[in-house]
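# Dropping a prediction and its sequence here:
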Amino acid sequence: FPYSHLSLDNLKYNQVIAKDNMNKIKAKMHNACLLKLSKKYKNAFLYQDEFANASLYYSYLKDEKEVQRGISFHTKGESLFPSVALASVIARYSFLKKMEKMSKEYKMDFPFGAGSKVDAFSKKFVQVFGLDELKKVAKTNFANYKRLIDTDEAS
C-alpha cells in the first residue's frame, strides 16, 4: 500500500496554528501528500475524508504553488474506501509512536486526551521542565494549556 505521511511536531504546530485554522493546516498537509503520491502513481484515484467541502478545501490552498485537483471528498470516507481507513490507521500509529518517544525522552508517561489528568500532568511537567519545554510537547491552543496559564497567572 503506497502512502505519503507528514506530521507536525507540537512546536511547529503551535507556530502555524497561531496564524491558520486547523482545517487549513490539514488541507495544506493533505495537498502535499497527495501531490507526492500523484506524481509517483499517475492516474490514481484520490479519495479523502471530507473535513471541509471541496470549495472550502481549495480556498485554503489558494496561496499554494501547486494544488492537487481531482480529489473525491467523502464524509466518513474511511467507511467507504480502504485507502482512507488505512490513512487513519497510519496517522494514529504515528501519533502513538510520538507519544511513546516523548514519554521515553522526558521519563514521564504522557496522558491522552484532555481533562483533569492532563491538567495535573501539565502542572507537574512545568515544575520539572519549565513552560518553554511544555510548548514543545503540548498544543498551546488547547483548553488544558490555557487553564494552566490562567492558573499560573493567578498564582
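All right, it came through fine. Residues are numbered from 1 along each chain as shown.

# okay, CA-based contacts and neighbour counts for the rest of this
Fine.

# Can you tell me how far F51 is from K19?
Relative to K19, F51 is positioned 19 Å away (C-alpha to C-alpha, to the nearest Å).

# Of those two, which one has the most company?
Just comparing F51 and K19: by other C-alpha atoms under 10 Å the higher neighbour count belongs to F51, 16 against 9.

# Touching, the more buried one and G77? I think so.
No. Using C-alpha atoms under 8 Å as the test, F51 is too far from G77 to be in contact (9.9 Å).

# Which parts of the chain are strands?
Secondary structure of the chain by DSSP state E: the strands cover 46-49, 71-74.

# In terms of residue numbering, what are the domains of this structure?
1-107, 108-155 (automatic domain parsing).

# possible to save those domains as a markdown table with mean pLDDT?
Shown next, in a markdown table, are these (pLDDT from 0 to 100):
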| stretch | mean pLDDT |
| --- | --- |
| domain 1-107 | 95 |
| domain 108-155 | 89 |
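
# what's the burial count for I149?
15.

# quick one, longest helix in this structure?
As assigned by DSSP state H, the longest helix anywhere in the chain is helix 82-106.

# Which neighbouring elements make contact with that helix?
Secondary-structure packing of helix 82-106 (3 or more C-alpha pairs under 8 Å, 6 or more residues apart in numbering; DSSP states H and E): strand 46-49.

# Compute the distance from the centre of the strand it packs on to the centre of its chain.
Between the centre of strand 46-49 and the centre of its chain there are 17 Å (C-alpha atoms, centre = their mean, to the nearest Å).

# cool, and stretch 60-68?
19 Å.

# what sits up against it?
For stretch 60-68, the surrounding residues in contact (C-alpha atoms under 8 Å, 6 or more residues apart in numbering) are 24, 27-28, 31, 34-35.
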